[in-house]
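**Student:** sequence first, then the predicted structure:
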Amino acid sequence: MPRRLAQKLIAYLTVIVALIAAIAGLINVRNQEGQLLQSMILGADQLSRGITSATFEAMMADNRQAAYSVMKTIALKQGIERIRIYNRDGRIMFSTVNEEISQRVERKSEACAVCHATDRPLERVSASSRARVWRKQDGARVLSMLTPIYNETSCSDADCHAHPRSVKVLGVLDVDLHLNPVDEQVHGMKAQVFVVTGIQIVLIGAFIYLFTRTFVSNPIRKLIEGTQDIIQMNLDRPIQIVHSSKELDELVGSFNQMRERLAHAMAEINQFTNRLEATVSDRTEQLNAAHQKLLQTDRLASLGQLAASVAHEINNPIAGVLNLAMLLQRILNDDGIPPGRLPEFRKYLRQIGNETSRVGRIVSDLLAFSRRSKPQRAPADLNGIVSVTLSLLEHKMKMLNVELATHLHAGLPEVRCDTSQIQQVLLNLVMNAAEATIPKRGGRVEVETALSADARSVVLRVQDNGEGISAENLPRIFDPFFTTKPEGKGVGLGLAVLYGIVHAHGGEVEVQSRAGEGTVFVVTLPLAAVELPTEIPLLAGREDARSRGLVS
């Protein structure tokens, strides 16, 4: 989880302060340690010179035992590790450690390398260069100070000595001093620096925390709360920060100004939305009214196609009724019905009743189809709808010389639909299929109902063996006013209205066709009671039909 800005700022500043304090403390300790060591070097140099001065008279008198006794006495003082004297050849002439006497020290060793680094030994070397620090086996540090013993004039001119003036250095005095006091002081300084640094870090960290919380964290939290208010569209809460900086004050001012402008813009958007909703509602009502008129127009257009065939269908029974009425008039005389012809008279009356009922059924079905009503969805038998609709088309199919075959699934569940609208769908499909078979002379149209594989919907399938639909026209068949019929034969609304009706019922339409082989329309209507619109939606366009997979 990402840390907050204040936490990061406190952590980074604390780490930086800790590093700076640690580096400063380390530098301070190193400087003090260097100063202490330099003081030790100066003290060791003074001690070495003091030893040479104390033994000068004994050396002049060539009384070595007296000189060695003085050095042993000095070596007993606290802080002195060892005192040695080398001659010019590097041999140890005296040492407070008896085992080292007469041993030889190589000129390339660390103790002699300072003066003998070149072929010609150095005669004058600074005190710092003559001092070296090394560690014993137990880890204790030791400061060794090498002090040359020069061939003084009083020594080289004396009768008892055989050192000529050309010899400048007679030997070297090596004094080793313990550095424990320096190390103890350094450890004390380190502990003191550690404590002081820790206190500084704690105090500075606390100051950074209070400063960051007051001038960074709290203002940022206020800004975050302000943004949350804007997200929740609470635009009437200005941001107020007590302790802040000039930059944050400017940011808060800009934020409040943005909030005010956003509130003003939202008010304008709400007003525009209300006006837009009212306009859309009005336009939707007008569009629905126009669409209902368009739907009824298509229904009347289909009704017009049925007018001729229905007229012939009605003319036959009416002609029969007229003939039977004339026969009845002939049978009936002034005395009434002759007794011998009464059965015949009754027979003609029954025939008149049957033919009149037939005409009534045809007119009733035609009126039911043409009647304009609001969509009313109720459980209906799809097979019954197919049977009634095809009865209206029976004579039309005979006139077009088209064979009409039906395959109705027995026991088909009821589907919730508007009966008149589904009749219109079936009428459009069958009429289009019949007209598509006219050029072939002897066409065939098959109407089939079935239950879907998942038993959740019913399927209405209309197939013809007509001329089919070309590949370039197939994606456009659901476009309003698109038609391939000759001028005056159609306006291109049948399939568009058909798609709108099926879509309003929550169903789907699939089309498969090949030029010269025929076309198959498959309409699927769901069985489940779903929430459907009370009005048929806008006519389907080509892109909507293609996106839903209605055409292939």
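**Tutor:** On my side now, so go ahead.

**Student:** quick one: contacts for residue 509?
**Tutor:** Residue 509 is in contact with 478, 498-499, 502, 521-524, 545, 550, counting by Cβ atoms under 8 Å, 6 or more residues apart in numbering. Where C-beta positions appear, they are placed from N, C-alpha and C, glycine not excepted.

**Student:** with secondary structure, pLDDT and distance to residue 278 added, can I get those residues in JSON lines?
**Tutor:** Compiled in JSON lines, the contacts of residue 509 are given as follows (DSSP: H, G, I helix; E, B strand; the rest coil; pLDDT from 0 to 100; distance: Cβ to Cβ, whole Å):
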{"residue": "478", "secondary structure": "coil", "pLDDT": "78", "distance to residue 278": "32"}
{"residue": "498", "secondary structure": "helix", "pLDDT": "82", "distance to residue 278": "33"}
{"residue": "499", "secondary structure": "helix", "pLDDT": "84", "distance to residue 278": "30"}
{"residue": "502", "secondary structure": "helix", "pLDDT": "88", "distance to residue 278": "31"}
{"residue": "521", "secondary structure": "strand", "pLDDT": "93", "distance to residue 278": "40"}
{"residue": "522", "secondary structure": "strand", "pLDDT": "94", "distance to residue 278": "41"}
{"residue": "523", "secondary structure": "strand", "pLDDT": "94", "distance to residue 278": "37"}
{"residue": "524", "secondary structure": "strand", "pLDDT": "94", "distance to residue 278": "37"}
{"residue": "545", "secondary structure": "helix", "pLDDT": "48", "distance to residue 278": "32"}
{"residue": "550", "secondary structure": "coil", "pLDDT": "47", "distance to residue 278": "34"}
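
**Student:** just the buried members of the residues you listed?
**Tutor:** Neighbour-count burial within the contacts of residue 509 applies to 478, 498-499, 502, 521-524, 545, 550; the criterion is 16 or more other Cβ atoms under 10 Å.

**Student:** show me where this structure has its helices.
**Tutor:** Under the criterion DSSP state H, the chain carries helices at the ranges 5-54, 56-60, 64-75, 127-130, 153-156, 180-212, 218-231, 246-331, 342-370, 382-399, 419-436, 494-504, 542-547.

**Student:** could you measure from residue 511 over to residue 205?
**Tutor:** Going from residue 511 to residue 205 by Cβ to Cβ, to the nearest Å gives 77 Å.

**Student:** what of residue 192?
**Tutor:** Using Cβ to Cβ, we find residue 192 at a distance of 20 Å from residue 205.

**Student:** give me the low-pLDDT residue ranges for the stretch 51-200 of the chain?
**Tutor:** 60-62, 106-125, 152-168 (pLDDT under 70).

**Student:** just name the most buried of the helices of the chain.
**Tutor:** Here the criterion is mean neighbour count by mean count of other Cβ atoms under 10 Å, and of the helices of the chain the winner is helix 494-504, at a mean of 24.

**Student:** about what we covered before: pipe the buried ones among the contacts of residue 509 into TSV and attach distance to residue 136 per row.
**Tutor:** Output for the buried ones among the contacts of residue 509, formatted as TSV (distance: Cβ to Cβ, whole Å):
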residue	distance to residue 136
478	104
498	110
499	105
502	105
521	109
522	105
523	107
524	102
545	100
550	100
